[in-house]
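S.K.: Turn this into a model:
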Amino acid sequence: MTRAFKKRVKPRLLQRCDLVLKVIRGLIKDPREKFRPNWSRPYFIKELTLEGAAWLMDLDGNRFSESINVD
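M.R.: Sure, this is the predicted structure:
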């Protein structure tokens, strides 16, 4: 099943000014894990580093204080 899914996935290089979604990990506790969101709102990529990190900026122009791993 995973092989069939991976055939349709096309890897894409990220560039500056691309819109991306940030993964939410463990911030919202829902006892049933049913209605917990997986993604936060869209962000712009402000900068990309060679090490694989990205500086994100929200749609209002506020920049994150920490870089985010692209993996």
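S.K.: Flag the shaky bits of the protein, pLDDT-wise.
M.R.: Residue ranges of the chain with pLDDT under 70: 26-31, 33.
S.K.: buried residues in stretch 41-48?
M.R.: Going by neighbour count (16 or more other CB atoms under 10 Å), the buried part of stretch 41-48 is Tyr43, Phe44, Ile45, Leu48. The C-beta positions use only the backbone N, C-alpha and C, and glycine is treated the same way.
S.K.: Spell out which helix or strand contains Val20, please.
M.R.: Here Val20 sits within strand 19-23, counting by DSSP states H and E.
S.K.: List the contacts of the most centrally placed residue in the chain.
M.R.: Central residue of the chain (CA atoms, centre = their mean): Lys22, 3.0 Å from the mean position. Residues near Lys22 by CB atoms under 8 Å, 6 or more residues apart in numbering: Trp39, Ser40, Tyr43, Leu56, Ile68.
S.K.: go with 6 Å
M.R.: Counting by CB atoms under 6 Å, 6 or more residues apart in numbering, Lys22 touches Ser40, Tyr43.
S.K.: In the protein, which strand is the longest?
M.R.: The longest strand of the chain (DSSP state E) is strand 39-48.
S.K.: and the next helix or strand after that strand, what does it pack onto?
M.R.: Past strand 39-48, further along toward the C-terminus, the next helix or strand under DSSP H and E is strand 53-58. For strand 53-58, the packing partners by 3 or more CB pairs under 6 Å, 6 or more residues apart in numbering; DSSP states H and E come out as strand 39-48, strand 68-69.
S.K.: right, so of the ones you listed, which gets closest to Arg3?
M.R.: Arg3 lies closest to strand 39-48 among the helices and strands packed on strand 53-58, at 25.0 Å (CB to CB).
S.K.: contact partners of the closest one?
M.R.: By CB under 6 Å, 6+ apart, strand 39-48 touches 16-22, 24, 54-58.
S.K.: cool, stretch 52-67 as well?
M.R.: Contacts for stretch 52-67 (CB under 6 Å, 6+ apart): Tyr43, Phe44, Ile45, Lys46, Glu47, Leu48, Ile68, Asn69, Val70.
S.K.: Okay then, goodbye and thanks.
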